[in-house]
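Engineer: Sequence plus the predicted model coming up.
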Amino acid sequence: MWQKLRDHHARVADRRFETLVDVDRAADFVAQTGDVRLDYAKTNIDTEGRALLIDLLEEAGVAAKRDAMFAGEPINETEGRAVLHTALRNLDGDPVLVDGVDVMPGVLDTLSRMERFADDVRLGDFAGQGGKITDVVNIGIGGSDLGPAMAVQALAPYHDGPRCHFVSNVDPADIAGVLRSCDPTTTLVIVASKTFTTIETMTNARTAQAWIRQSVTDTGAQFAALSTAEDKTAAFGIDPSRVFGFEDWVGGRYSIWGPIGLSLMIAIGPEAFRAFLRGAQSMDRHFRAAEWQYNLPAMLALVGIWHNQICGHATRAVLPYDNLLSRLPAYLQQLEMESNGKGVSMDGADLDVPSGPVVWGEPGTNGQHAFYQLIHQGTRVIPCEFLVAARGHEDDLHHQHQLLVANCLAQSEALMRGRDLSEARSKVADKFDGKELERQARHRVFTGNRPSVTIVYPQMTPEVLGQIVALYEHRVFVEGAILGINSFDQWGVELGKELATALQPVVEGKESADSKDGSTAALVDFLQNHGVS
């Protein structure tokens, strides 16, 4: 099937897909569930290409793999684990079995505990030594940071709880900047580490502990933990009532729906958090029930496969024209690149197609004044994914939102249409002539024929955010299933961690750098001479 898709691409690669986009195509090349709509009409995928992509999906057995995931089978084969982040938003409590045991009673009990604690913090029933909690500092890294940080920013209009801050980097500037803005007597620190051993997280946690100790007698009383290592959290001084665990069938980058989302729940309240879960649950149901052609996650994944593995476009720009989603590109970098940045298939053989793309982006319209130059006129084609809401939350500034929407739609149109040389000449014919006219006109040519998709929704709400995040999760799953890789492990992060542990005593001057390569030894020497040790 891969070869059939390559052959089809070769036949259509040079056509102007702008000529395909009529009213009928605009109605056909979309997928929608609820109020979230994907438009992929501005791509070079045609009816035949779409059919071939769906055949590829079916040949890969995606439906069976999807059903196995929801059923709690150990589809994370390299670690022998189920993949059940979807259970965390199974609000109806329908049984989900892992090794014959229903996990839903535990999931719903943890959710209820989180809600009680969040309410206590928000109402002041849980307080710091200085009174009602005014600030929450979430200390985590990777999925324990990117998910909640993204969601708290996205749902800022719904904040009616304490201020939320996020610390992830072991760079002392990160935690110092956050703590400087907080009062230690009214700050709740949430330490997010499943094992309570993550070196960056625990280093920052001990720094926060020392900061609170300067002003508070019972240091552990203003800490909560998102961890399964109750012996370690107890040794840290955190009462078991403030420890919220999650099972190993929830991967870090898929964990926002459970205890890792505690900071979000405290910020927006349990009711809004449940709306967030309901949105994701509705996307789960759509993903399981909709025919492939109308299935949002499936079609978004197939567009990605077409652009990356078939067309050879190695990067993907995520461009939210919604400032509330300003952290979404960073969140998707981990979700997609940690999940599908693999070089071998499930059986350990080398992949014979490229793995996942490089994912990057910034909110519009900022990006227009930064990197859109390369997107429009650079020599590489970069598929773009736009996201935009019909309305914002600032009713008195609706005219600015209309300008934002106009910019978003104009960018996708410009990428598709471009501007040919004759049109470029007409733009400057009144200023130049002869050879200079040709030279100046060529600088104003846009090749166009550059693909994009657009995701639209009425407004950024907790439910819509849940739908969007679950959409991207399932998109990653479908792409990984088609590629035949394990999207749920992340061995690629291990080697650097191991080497960092070995290098720390060298950097500190406690061990010699003689065993290191010449470059590393020279860098250590320079840094030591300038104060690192």
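Structural biologist: Structure received. Residues are numbered from 1 along each chain as shown.

Engineer: Share the number of residues neighbouring A441, please.
Structural biologist: Using other CB atoms under 10 Å, A441 is surrounded by 21 other residues. From N, CA and C alone the C-beta is placed, and that goes for glycine too.

Engineer: meant to ask about Q129
Structural biologist: Around Q129 there are 15 residues (other CB under 10 Å).

Engineer: hang on, isn't it packed against Q214?
Structural biologist: No. Assessed by CB atoms under 8 Å, Q129 is found out of contact with Q214, at 11.8 Å.

Engineer: Mind listing the shared neighbours of these two?
Structural biologist: Common contacts of Q129 and Q214 (CB atoms under 8 Å, 6 or more residues apart in numbering): none found.

Engineer: If the spatially closest residue to G140 that is not a sequence neighbour is in a bridge, with which residues?
Structural biologist: Ranked by CB to CB, 6 or more residues apart in numbering and with sequence neighbours excluded, the top spatial neighbour of G140 is A192, at 3.3 Å. In this structure, A192 bridges to L226 when assessed by DSSP bridges.

Engineer: residues contacting A192?
Structural biologist: So A192 contacts N138, I139, G140, S144, D145, P148, T201, A225, L226, S227, P259, I260 (CB under 8 Å, 6+ apart).

Engineer: any chance of the residues you listed in TSV, plus neighbour count?
Structural biologist: TSV is the format used below for the contacts of A192 (neighbours: other CB atoms under 10 Å):
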residue	neighbour count
N138	28
I139	31
G140	29
S144	28
D145	25
P148	28
T201	25
A225	30
L226	29
S227	25
P259	27
I260	29
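
Engineer: Narrow the residues you listed to those in strands?
Structural biologist: The strands, defined by DSSP state E, take in N138, I139, A225, L226 from the contacts of A192.

Engineer: which of those residues sit farthest apart?
Structural biologist: N138 and A225 (11.3 Å; CB to CB).

Engineer: list residues touching both of these two?
Structural biologist: In contact with both N138 and A225: I190, A192, using CB under 8 Å, 6+ apart.

Engineer: How much space separates E73 from R81?
Structural biologist: Remark: distance between E73 and R81 (CB to CB, to the nearest Å) = 10 Å.

Engineer: Ok, D92 next?
Structural biologist: Counting by CB to CB, the gap from D92 to R81 is 24 Å.

Engineer: ditto for A513
Structural biologist: 39 Å.

Engineer: And the strands in the stretch 1-150 of the chain?
Structural biologist: 30-33, 36-39, 97-98, 101-102, 127-128, 131-132, 135-139 (DSSP state E, counting those that start in this stretch).

Engineer: Of those strands, which stretch is the most buried?
Structural biologist: Neighbour counts (mean count of other CB atoms under 10 Å) averaged over each of the strands of the stretch 1-150 of the chain peak at strand 135-139, with a mean of 26.

Engineer: sorry, back to before: tell me the one among the ones in strands among the contacts of A192 nearest to T233.
Structural biologist: Looking across the ones in strands among the contacts of A192 and measuring by CB to CB, the closest to T233 is A225, at 4.3 Å.

Engineer: thinking again about what came up before, could you export the strands of the stretch 1-150 of the chain as CSV, including mean pLDDT and distance to L53?
Structural biologist: Compiled in CSV, the strands of the stretch 1-150 of the chain are given as follows (pLDDT from 0 to 100; distance: least, CB to CB, whole Å):
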stretch, mean pLDDT, distance to L53
strand 30-33, 98, 13
strand 36-39, 98, 14
strand 97-98, 94, 33
strand 101-102, 96, 37
strand 127-128, 96, 55
strand 131-132, 96, 54
strand 135-139, 98, 39
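
Engineer: Throw these into JSON lines and include distance to V167, thanks.
Structural biologist: JSON lines is the format used below for the strands of the stretch 1-150 of the chain (distance: least, CB to CB, whole Å):
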{"stretch": "strand 30-33", "distance to V167": "36"}
{"stretch": "strand 36-39", "distance to V167": "32"}
{"stretch": "strand 97-98", "distance to V167": "33"}
{"stretch": "strand 101-102", "distance to V167": "36"}
{"stretch": "strand 127-128", "distance to V167": "18"}
{"stretch": "strand 131-132", "distance to V167": "22"}
{"stretch": "strand 135-139", "distance to V167": "5"}
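
Engineer: wait, R278 sits on G466?
Structural biologist: Yes. R278 lies in contact with G466 (CB under 8 Å); the separation is 6.6 Å.

Engineer: okay, and the common contacts of the two?
Structural biologist: With CB under 8 Å, 6+ apart as the test, R278 and G466 both reach R89.
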